[in-house]
Structures are given as C-alpha cells and as structure tokens.
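# Sequence first, predicted coordinates after that:
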Amino acid sequence: MTTAPGSLTPHRFVEVDPTSDVMAIQMGPSHPASHGTIKFNLRLDGETIVDVDVEIGYLHRGFEKMCEQGTWNHCFPYADRLNYASPILNNVGLALAVEQLAGITVPERCQYIRVIGGEISRLSDHLTCLGMAASELGAISAAFYMLEAREFLYDIVEAITGARLTVTWCRLGGVMKDLPADMAERTRFALKQTRRILADCERLLARNRIFVDRMAGVGIISRGDAISYGLTGPLLRATGVAYDVRKAEPYLVYDRMDFTVPTGTSGDNYDRFMVRMAEMEQSMRIIEQALAQVPPGPIVITDPRFHLPPKGEVYGSIEGLMNHFKLVIEGQKIPAGEVYVATEGGNGELGFYLVSDGSGRPYRVRVRPPSFYGMGALGEMLRGRMIADIITTFGQINMIGGECDH
Amino acid sequence: MTPDALRQRLATLLPGARPFPDDSARGQVVIVLEREALPDALRTLRDDPEIRCEQLSDLTVVDYRGRTPRFEVVYQLYSIAGNHRVRVKVPVPEDDAVVPTASGVWKAANWAEREAWDMFGVRFAGHPDLRRILMYPEFVGHPLRKDYPLHQRQPLVPEHDPIATPWAPRTPIR
C-alpha cells in the first residue's frame, strides 16, 4: 500500500488480492477506442465491471492560472481551447460573463450573429460526438458522413471568423468580424447538405439492430442521480428534465427564437443519441430565424474604456493612441465584483465564475466544464455493466479533454 | 423565485448568514456562511420546498492572498424547479483550511471537492476519497494558489537536455 504525497487517502487500486477472481485492469490512457486521453482503472469479474475509477487530468493546461496572468481579452484564445469541438460557444460564454461583470450590453446585431455562430458551433459539436460514437461501434461510414456535414459548417465558420478551430472571435463588447456578404447563401447551402446527411445517418443508425442493441438500455442514470451529479445538457435532457439554459435564463436573443427542447425518457445512451439528433434540427431552425431577423448596425460597442479604438484613430490622433496604449498595457478596468454566468454549451451548462479586483486583470476565472461533471457520473453509469459498454457510454458523455481537464 | 423573494426566504431560513454587497455581486443572490453551519445549511437549501436547490452547479475556491481569512469556498447552487441560482460563500482561514464535505448532499461535490483540494489545498472533512484529480499524485503544492509561481516546473519525467535545446530565460508576463 502506497500513499501518494499530496493525497490524503491511499490509492484504491494499488492493492489487489491475487487469490480473488476479480481482475484489475487499466484501460488507457491512450486507447484506440477512447477519443481523448483518459484512464479507467477497472476491476473486472469476467467481463462485468465490479468497480471503476475514472482518471482524468491528462490534458490539464492550467486554463484558470493562465487567465489570471493577462488582461480580460487575453482569456478569449484560451477559452477557444476549452471545448475545441465548439469553440464559438466557449467564446460567447466567456464574453457574456465578462460583459455582465462590466455592465455592458452589446449591440443587437452582435447578439444575433453571436447566436448564429454559437448554433453553428453546437451543430459541429453534436456532429463530432455522434459521428465518433457511431465509428466506435463500427459504423464508420456514418461517421464520415457526419464529418462531411461538419466540413460544410466549418466552411461557414472559416468565412465568418477566418479560422476553423481557434477562432478567438468574440471580444469584450462585441465580435471581431461581421458576417460575410453571402452569408445567407452559404448557410442555405450548408444547412441543406447537413439536413440531407442527417436524414441519411438517422436511417443508417436509428433503427439499426446492432446500434440499438449496443445503445438502448446501456449507461442508464436515473433522473434524481443525474440532477445530483450535476449533469446538464443532453445527458440531463435524456432523462426527461427539460432544462436548457437557453430557455431557463434566455441570454442574447434566444427569447425571440422559436425552438423546442427535445427530451428523452429513459436516460440511456440511445436517448442521448436521439436528443442530440433532435437538437441539431432545432439549432438549424434557430440559425434560419436569426439570419432572417438580423438587423443592420454596429457589431461592437464604442465605449473607449473597454474596446480598442479603430486603427485610423490610433495612428491619426494622440487620444486614440493613448486609449490604445492604456487598454493594451493596463487592460480593461472592470469594477471590483464577481459574477456567475451560465450559457448552454455543446455538452451542457457552461458557466464562468469571474472575480475582478478592479485592476485591469482577472483576479479569478473559473470555468464550470459540463463534461467534467459528466465524467464524475460515468462510474455510476458503468458499475455492474459489461466492459464493452464503456465505449458507448463514454462516447455519449462526449468528454472533450480540453474542457474536462481545463 | 424573484431575487427579492429569494433573499427574504434565505434570511428567515438561515439567520446566521451574512449579506453580501449587492452591487459587487451584480444583482445575483449571494450569502456568506460560517463553515460551522455548513452541512446543515446546505441540506436546508436543497430540501426547503421554496428554495429547492437540487443541483450543485459548481464548487470552487478563491484565494484572496493577504486577506484574513485567506480562502473562500464558493458553491453555485441552481434550482431546476424554481429556476433560480444561489451562491454560497464560506470563508476559510489559511492555517486551518478544512471545510465539511458536501458530497453527502450533492453527488457532484465529490469530484468538485477533489479538484478544489488539488488546486488550492483546501481539505474537505468527511470526503470519501480525497485524492488529486487533475494533477498527478507526485505533484507537490497546489497550483492555483496565488503564491504558486507561474513558471515553476515539476516534470514527472526528466525534461529535454538543456544543451541540446537551450531554454530562453523566461520573463514573467506580469
């Protein structure tokens, strides 16, 4: 028995009785069937999981420590790298939190195009999750179809932000770039293709005997446990709780959008899959409505305390130059205070708890990563199940290493 | 529940709770509790038919270095039924950084408290399995404390040969 320095309890899986039938196996940290670096310390009786200890942290990069070092705007590139399957949603979540702390309301056009960008990101997040889940069960062609749909969406993301993944699109008080001129045309094409591909994938998977046998009735968690474990997003909605931050606490212009919150009944992997499939259709509806309603106007605030002046003023006037210098060197001085702002991320409630001490730098930035709490409940979902169920359950939790390990 | 009704209900339920200045919380509902009141007060917040915070959204610690008490454990509670949020803050002194665990109240607290211990070195008395979660077991110190140096390196395996790949001396950003 060894006790690791820094930990208070001995490691549960060090000691194994050699005479017992229970076998201790470590699965991971680099396993071909688990996308993401994670380790399962298993105790198996035959193929049945007696106990499982989930080890995370392989992708820990100190997001919160890094955010404390720069100015508020320096946090946005780091926020991209949290959930890299849906970077815009992370950007928007952090921007909303900082803006609420600073007491800023962004222009209406900016709110609409943040909704559009965020929903495109949610589509790509769900497509990644479901495509990978299908490929891990052998349905590799469904995975490639979904990745094809994701490519159409990434083309739009590239046209809006200039990057496919590391977008760094939001700023304190607005967004960096406006929508391209041919946005409506591009979106119509991409959504048409996505709808076609999703219909194909639904026909391929939803009533496929192998797929249903592997997914239905597996990874069940009860409604009470799901709430107690802090599950949100598709994991919670699959148990029948219609909690969606976009409906419960509407932010941006979600209260003007007509969409429904799909829910499941049994809280198993198949329901999670179907909830995500249904959510994608709702996301596409939101994008179409937002594009039809988006008003003309500015995309950033003009408050010189928070937003950099236009480059013409910086080079052409001493006031603009000083303003630029003060913002870059000292940062945006946000009055002392603290705020917790939740948004609906790809995997559930993405919250940011920010503390400002009145200087130009964040005192504390805390992210509430939805998949961290999903992984916390994974042991409960797996105990007593077969070893093959790890793959489907882990796939439906959609752990994104950058977010879970921040 | 509206924030005002919520504040009134909290004041009658938990008379020991101290108020928190409203403007620095930007209108959000925040109460400050002593840690002696903790497990019971949290259970009250979960079970009270009007407040009913079934979900622990998040649990974290803030290190106010130079202030006494130094740490603050922060609980973000959410009620799905009532659609409101309550934030509970508990000051913790540096020399006795122990808080009663909330893992018996919400299961989400299990991992969240492990992370808080790992990152800040605040212990949770009664926690069933208080191990490090993000850092490796051999790690020394608690990285999110304000006095943990940003550029301190603790490699688990030896790093590159400094002659083959010379590191430029790092200058702190701040």
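Structure's in. What do you need? Residues are numbered from 1 along each chain as shown, chains lettered A, B, ... in the order given.
# Would you mind giving the dihedral angles phi and psi of the closest residue to chain B within the stretch 151-300 of chain A?
Here the residue of the stretch 151-300 of chain A nearest chain B is A:G230; by Cβ to the nearest Cβ that distance is 3.2 Å. Every C-beta, even on glycine, is put in place using the N, C-alpha and C of the backbone. With angles defined as degrees, to the nearest 10, A:G230 sits at phi 80, psi 20.
# now do A:G217
Dihedral pair for A:G217: phi 80, psi 10, per degrees, to the nearest 10.
# got the contact list for the residue of the stretch 151-300 of chain A closest to chain B?
Contacts here follow Cβ atoms under 8 Å, 6 or more residues apart in numbering or on different chains; on that basis A:G230 touches A:Y373, A:G376, A:A377, B:Q55, B:L56, B:S57, B:D58, B:W106, B:K107, B:A108, B:A112.
# where are the low-confidence patches of chain B?
Applying pLDDT under 70 to chain B flags the ranges B:158-174.
# quick revisit: among the contacts of A:G230, which are in strands?
With DSSP state E as the criterion, strands contain B:Q55, B:L56, B:S57, B:D58 from among the contacts of A:G230.
# from these, which single one is nearest chain A?
Lowest distance from chain A to these (Cβ to the nearest Cβ) belongs to B:D58, with 4.1 Å.
# Counting neighbours, what do you get for the closest one?
Around B:D58 there are 26 other residues, counting by other Cβ atoms under 10 Å in any protein chain shown.
# Quick check: what element follows the longest helix seen in chain A along the chain?
When chain A is parsed with DSSP state H, its longest helix is helix A:108-136. Proceeding N to C from helix A:108-136, the next assigned helix or strand is helix A:140-161, under DSSP states H and E.
# right, and A:G351 touches A:Y340 too?
Yes: with contact defined as Cβ atoms under 8 Å, A:G351 counts as touching A:Y340 (6.0 Å).
# Mutual contacts of those two, please.
What both A:G351 and A:Y340 touch, as defined by Cβ under 8 Å, 6+ apart, is the set B:S57, B:D58, B:Q76.
# Enumerate every residue touching the residue nearest to A:V294 when sequence neighbours are not counted.
With sequence-adjacent residues excluded and distances taken as Cβ to Cβ, 6 or more residues apart in numbering or on different chains, A:V294 is closest to A:Y112, at 4.1 Å. Neighbour list for A:Y112: A:L252, A:V253, A:A290, A:Q293, A:V294, A:P295 [criterion: Cβ under 8 Å, 6+ apart].
# Any chance of the ones in strands among the contacts of A:G230 in CSV with distance to A:Y315 as columns?
Formatted as CSV, these follow (distance: Cβ to Cβ, whole Å):
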residue, distance to A:Y315
B:Q55, 51
B:L56, 51
B:S57, 46
B:D58, 44
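# Tell me the one among the contacts of A:G230 nearest to A:V241.
B:Q55 (9.9 Å; Cβ to Cβ).
# Just give me the neighbour total for the closest one.
Using other Cβ under 10 Å, B:Q55 has 27 other residues around it.
# surely it meets B:V105?
No: with contact defined as Cβ under 8 Å, B:Q55 does not count as touching B:V105 (11.0 Å).
# For stretch B:38-58, what is the distance to the chain centroid?
Relative to its parent chain, stretch B:38-58 has a centroid offset of 16 Å by Cα atoms, centre = their mean, to the nearest Å.
# end-to-end on it?
Across its full length, stretch B:38-58 reaches 16 Å between end residues, using Cα to Cα, to the nearest Å.
# Kindly report the same for stretch A:313-320.
In stretch A:313-320, first residue to last residue: 5 Å (Cα to Cα).
# Flag every buried residue along it.
Within stretch A:313-320, the residues that qualify as buried are A:E313, A:V314, A:G320, counting by 16 or more other Cβ atoms under 10 Å in any protein chain shown.
# now what about it, what contacts it?
By Cβ under 8 Å, 6+ apart, the residues outside stretch A:313-320 that reach it are A:L308, A:P309, A:P310, A:G312, A:L321, A:N323, A:H324.
# Swap in 6 Å and give it another go.
A:P309, A:L321, A:H324 (Cβ atoms under 6 Å, 6 or more residues apart in numbering or on different chains).
# Any idea how many residues pack against the closest residue to chain B within the stretch 51-200 of chain A?
Residue nearest to chain B within the stretch 51-200 of chain A (Cβ to the nearest Cβ): A:G57, separated by 3.9 Å. Neighbours of A:G57 under the rule other Cβ under 10 Å: 20.
# which non-adjacent residue is nearest it?
Distance criterion Cβ to Cβ, 6+ apart; nearest residue to A:G57, sequence neighbours excluded, is B:L134 at 3.9 Å.
# is it fair to say that neighbour lies in a strand?
No: read with DSSP: H, G, I helix; E, B strand; the rest coil, B:L134 is coil and lies in no strand.
# who's in contact with it?
A:G57, A:H60, A:D405, B:D118.
# Please tell me which one of the residues you listed counts the most neighbours.
Neighbour counts for those peak at A:D405, which has 25 neighbours (criterion: other Cβ under 10 Å).
# Backbone torsions only: list them for B:G82.
phi -100, psi -10.
# before we move on, the earlier item: put together JSON lines for the buried residues of stretch A:313-320, with pLDDT on each row.
Below are those laid out as JSON lines (pLDDT from 0 to 100):
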{"residue": "A:E313", "pLDDT": "86"}
{"residue": "A:V314", "pLDDT": "88"}
{"residue": "A:G320", "pLDDT": "89"}
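# Just the ones of those residues in strands?
Checked against DSSP E, the buried residues of stretch A:313-320 include nothing in strands.
# quick one: which of these is nearest to chain B?
Chain B has its nearest neighbour among those in A:V314, at 22.5 Å by Cβ to the nearest Cβ.
# could you dump stretch B:43-55 to PDB, C-alpha only?
What follows is stretch B:43-55, C-alpha atoms only, in PDB (Å, rounded to 0.1, in the frame of the first residue of the first chain):
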ATOM      1  CA  ARG B  43     -29.100  20.500   3.200                       C
ATOM      2  CA  THR B  44     -31.600  23.100   4.100                       C
ATOM      3  CA  LEU B  45     -31.000  24.900   0.800                       C
ATOM      4  CA  ARG B  46     -31.500  21.600  -1.100                       C
ATOM      5  CA  ASP B  47     -34.600  20.500   0.800                       C
ATOM      6  CA  ASP B  48     -36.500  23.700   1.600                       C
ATOM      7  CA  PRO B  49     -39.700  23.500  -0.500                       C
ATOM      8  CA  GLU B  50     -39.300  27.100  -1.700                       C
ATOM      9  CA  ILE B  51     -35.600  27.200  -2.400                       C
ATOM     10  CA  ARG B  52     -35.100  23.700  -3.500                       C
ATOM     11  CA  CYS B  53     -31.600  23.900  -5.000                       C
ATOM     12  CA  GLU B  54     -31.400  20.300  -6.300                       C
ATOM     13  CA  GLN B  55     -28.300  20.900  -8.300                       C
END
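# Other residues contacting stretch A:94-103?
Contacts for stretch A:94-103 (Cβ under 6 Å, 6+ apart): A:W72, A:A79, A:C170, A:L172, A:Y251, A:I334, A:V339, A:V341, A:F352, A:L354, A:S356.
# How about the helix or strand encompassing A:V54, which residues are buried there?
Using DSSP H and E, A:V54 sits within strand A:48-55. Neighbour counts over strand A:48-55 (16+ other Cβ under 10 Å) mark A:I49, A:D51, A:V52, A:D53, A:V54, A:E55 as buried.
# where does the residue nearest to B:D63 when sequence neighbours are not counted land in three-state SS?
Using Cβ to Cβ, 6+ apart and skipping residues adjacent in sequence, the residue nearest B:D63 is B:K146, 4.9 Å away. Following three-state DSSP, B:K146 is assigned to coil.
# mind listing what A:I227 touches?
A:I227 neighbours (Cβ under 6 Å, 6+ apart): B:E54, B:Q55.
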